[in-house]
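>>> Please find the sequence and the predicted model below.
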Amino acid sequence: MKKLFLILITVFPLYCTAQYNQYEYLRINNVNSWNSQQGSIDSVMFEVKPKGVYTEIGMYFDFSTNGTSFSPFDSLEVEMLFKLPPNAEVIDMWLWIDDTIIVADVYDKWTASQIYEDIVDRRTDPAILYRYDNHSGWDWWYYEYFDYTDYYMFKIFPLLTSLPRKAKITYLIRNTEAFSKYPSVALPHNILALSNQSILNTCVRFFPETGMMAPKLNEMPASIFTLHTNPISGNYYETNLSNTNFSNPLTLSYTRSIINLFDVANYTDTQYSENFYQLQVKPGDLFNINENKKALFLFDFIPGNCYSVTSNQLLAQVKSDILSRFSASDSVNFMFSGFITNSYSNSWIPADSASITNAFNSINSSWFNSYSNLLTLLADGIQFIQTHNDIGSIVLIASSGSNGAFQQANAIINNLMSVMGSSNIPIHVVDMNETNSPVYYISDQYYYGNEYLYLNLSTQTTGEHYSIKDESLDNIMADVTGKLSGFFSNFDMYVTLENGYTYSNFDMFAQSGLIYFDQPAQKIGKYNGTGRFRLIAHGQLPNGQLYVKDTLIDNSFVRPADSVMRAMWAAQLIRELASQSQTNTIISQIITISMNERVLSDYTAFLALEPGLGPLDPDNNTEPVGNQETNSDETCNFSVYPNPFDDVSSISYSLVSPSHVLIAVYDVMGKLLTVLADTDQEAGDFSIVFNPDDLAPGIYFCRLEINHNETRTVKMVKK
């Protein structure tokens, strides 16, 4: 049996990767049968809005049954499992019902799921969106094997064969290129690739801030953006693509003509009399440290192990990255894995436009091999830097996967560290292997391909590890480039006011670890008072040299922001709470903040309902969830009183006919805590005393099941 399991976890990932686009899918389900077919996206629109520390991306979808064999009489549901970039923050969802836009509310995940499933049974219009973390049922082993971090589940009901359903999902993504002349934003092409049919129309809109212009799609240079003016939304650039199959990345880049030392924005929420700010600065510029980049690119790239990027696309991306993010005073070189390492040059070459163009006129896909000689390549790369003043960083771009076994990987690292000796050469690894093979189980964790080797090699050399499975190549290269000019081993900055103070601050940079000169240090928080913002910063180099800066920021650097800043701050608060031990009290806080601030968490869901259907809808005459739930034909009343409660509550219900009754209490994660009743009862009114002495303060759910089919759920809050 164990051997069969190992065969399954080795072979099944290969099948899933090829067939299901990294475990994502877009399905159309017949809710009355097991029939499920791949759905289509007829049209999509992206709205890209830079917001300083974050970029807001709105995604509009038209889902349809194109390419399926369903009949007009089938009862259909859209189900989409998709992935967003790491650290994405979902802040909104809309659903179109006819020509009316329904803005989704945020519920705790338990309640939202119960409402959605109940409404699907009643054949009305809901849509639900939540973080995907289901690991129960027949596919438990599949979940344990694969990492579903950053995956989301989205459902809409109903869908007609004759009419697409329209919805919008909005999320925020961290801006790591705040001070680049040519920033870029990776659009989620992985979602578009889920469509059964080619997408008929794809629209991309870019809403620039001051000094931003000339947007383009890197992978589609022929697409033209035109400038539009809207009296409500302001100026924006737009391009349209027809009949496009998105198997390759989709990256929006633009030009920034104004780059200040500081980027500061503030927002006042007049409803709650709260002030928010965001501040970002590039540490190297703050302390006036100018170090040129020296990057040695090592390629151990086997084309057959990477599905999303071809050899030519990889070379084009590296060339584009160097031209847009390096200066003429920076230096590069290129080495390729083979029986003997193939070097472009025996010395550093300047990163000016002419030199880079000449280099890539010579380098082509024939320089790649179908086999790996990783150890020799790394040793030759280290030796190159050592013989050139021992200054430079290595960027290893590899899709090989034959050196990931525990003993072999450790031996390679020990050999390389011996070759490196006293040299301090950061090795940044870009893992392009998408095969998920071979698989190694090391220290209670699964590693794929050379992942174990790459993680430990980059850690021991103060480098970074990236995977093409987690984010786009353009995003990876942008991040790598920002880490080639040097770093602080210790860094901190404090923001206050000339006449006031800041509070509830969150640092958007590592508090322990390396802070790179060219990566923006970002901070967000609240403030009270007036006058200029004051920044106090400290940075220490690996050699012990200390830098200190205490400065008042001129108000000319401060620009007004909108209410999205509040969502940014709330997202950081939720992340801070999520990093703590997940007690019921903490979970209850996360749920409350998520619902109040409309920022998705692990414990909440967006739910869009027809007006009047929601249990919290002012047009609905039923009691709010948490006090009482009553079914539509009034055969059963179910309530908890008092609620919220300190110690004892009374659970009351009535039966109009003899029935089997099951009453159970669950926590917010759906874990069964106790069964209060499991018995046959006659018609009548009943009451059970619930004394939860052993339960911590927080949110719980009491579920009544009648005759194994009808269910009622009440949210309970222990104070």
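Noted; the coordinates are in hand.
>>> How about Y454: what's its closest non-neighbour residue?
V429 (4.2 Å; Cβ to Cβ, 6 or more residues apart in numbering). Placement of C-beta: from N, CA and C, glycine included.
>>> list the contacts for the one you found?
Listed by Cβ atoms under 8 Å, 6 or more residues apart in numbering, the contact partners of V429 are L396, A398, Y454, L457, S458, G463, E464, H465, Y466.
>>> Tell me, how many residues neighbour the fourth one?
In this case it means L457. Counted by other Cβ atoms under 10 Å, the residues lying close to L457 total 23.
>>> All further residue positions should be reported with the first residue as 59.
Will do, 59 is the new start, and the previous item becomes L515.
>>> That one contacts N468, doesn't it?
No. Between L515 and N468 there is no contact under Cβ atoms under 8 Å: 10.4 Å.
>>> For the protein, which segments count as helices?
Taking DSSP state H as the criterion, the chain carries its helices at 60-78, 167-180, 198-203, 247-250, 341-344, 369-383, 411-420, 432-444, 464-478, 509-518, 531-539, 622-636, 642-655.
>>> re the thing from before, filter the contacts of V487 to the buried ones?
Buried by 16 or more other Cβ atoms under 10 Å: L454, A456, Y512, L515, S516, G521, E522, H523, Y524, out of the contacts of V487.
>>> what's the closest of those residues to V376?
Nearest to V376 among these is L454, at 12.4 Å by Cβ to Cβ.
>>> wait, what's in contact with the closest one?
By Cβ under 8 Å, 6+ apart, the contact list for L454 reads L356, D358, L435, L436, G439, I485, H486, V487, V488, Y512.
>>> And for V164?
By Cβ under 8 Å, 6+ apart, the neighbours of V164 are S652, M653, R656, V657, L658, T662, A663, F664, L665.
>>> The buried ones among the contacts of V487 into JSON lines, with extra columns for distance to A722 and pLDDT?
Below are the buried ones among the contacts of V487 laid out as JSON lines (distance: Cβ to Cβ, whole Å; pLDDT from 0 to 100):
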{"residue": "L454", "distance to A722": "53", "pLDDT": "97"}
{"residue": "A456", "distance to A722": "51", "pLDDT": "96"}
{"residue": "Y512", "distance to A722": "46", "pLDDT": "95"}
{"residue": "L515", "distance to A722": "50", "pLDDT": "95"}
{"residue": "S516", "distance to A722": "48", "pLDDT": "93"}
{"residue": "G521", "distance to A722": "51", "pLDDT": "90"}
{"residue": "E522", "distance to A722": "47", "pLDDT": "91"}
{"residue": "H523", "distance to A722": "44", "pLDDT": "93"}
{"residue": "Y524", "distance to A722": "45", "pLDDT": "92"}
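>>> Tell me which two of these sit farthest apart.
Largest separation among the buried ones among the contacts of V487 by Cβ to Cβ: A456 and E522, giving 14.1 Å.
>>> and M138, bridged to which residues?
L84, F212 (DSSP bridges).
>>> Based on its surroundings, how many neighbours for it?
Neighbour number of M138 under other Cβ under 10 Å is 23.
>>> what's near enough to touch it?
By Cβ under 8 Å, 6+ apart, the contact list for M138 reads E82, Y83, L84, R85, G97, F121, M211, F212, K213, I249, L252.
>>> Look up how far L221 lies from the third one.
From L84 over to L221 the distance is 17 Å, taken as Cβ to Cβ, to the nearest Å.
>>> Same drill for these two, tell me which one is more crowded.
Just comparing L84 and L221: by other Cβ under 10 Å the higher neighbour count belongs to L84, 24 against 12.
>>> Surely that one is in contact with N254?
Yes. Under the criterion of Cβ under 8 Å, L84 makes contact with N254 at 7.5 Å.
>>> Name the residues contacting each of the two.
Counting by Cβ under 8 Å, 6+ apart, the residues touching both L84 and N254 are Q96, G97, S98.
>>> The first one pairs with what?
Following DSSP bridges, Q96 is listed with bridge partners R85.
>>> so what are the domain limits for the chain?
60-233+238-314, 320-345+546-632, 352-542, 686-776 (automatic domain parsing).
>>> Could you point out which of these sits nearest S646?
domain 686-776 (4.1 Å).
>>> give me the number of residues near F703?
Using other Cβ under 10 Å, F703 has 17 neighbouring residues.
>>> thinking again about what came up before, nearest to T641, out of the domains of the chain?
The minimum distance between T641 and the domains of the chain falls on domain 686-776, with 5.9 Å, by Cβ to Cβ.
>>> Against T123, how distant is E137?
Counting by Cβ to Cβ, the gap from E137 to T123 is 13 Å.
>>> which residues are in contact with both of these two?
By Cβ under 8 Å, 6+ apart, E137 and T123 have these common neighbours: I86.
>>> Quick check on these two: which one has the bigger neighbour count.
When E137 and T123 are compared for neighbours, T123 comes out ahead with 24 against 17, by other Cβ under 10 Å.
>>> Could I get the pLDDT score of that one?
The score at T123 is 95. That number is its pLDDT.
>>> got the contact list for it?
Contacts of T123 were listed using Cβ under 8 Å, 6+ apart, and they are I86, Q95, G97, S98, L134, L217, L218, T219.
>>> Neighbours of the fourth one, how many?
Think S98. A count of nearby residues for S98, using other Cβ under 10 Å, gives 22.
>>> Isn't it up against A251?
No. Contact criterion Cβ under 8 Å: S98 and A251 do not qualify, at 12.0 Å.
>>> any shared contact partners between the two?
By Cβ under 8 Å, 6+ apart, S98 and A251 have no common neighbours.
>>> what about the longest strand in the protein?
Assignment by DSSP state E gives strand 579-598 as the longest strand of the chain.
>>> Report the strands that pair with that strand, each with its relative direction.
Strand pairing for strand 579-598, determined by DSSP bridges: strand 332-339 (antiparallel), strand 548-565 (antiparallel), strand 604-611 (antiparallel).
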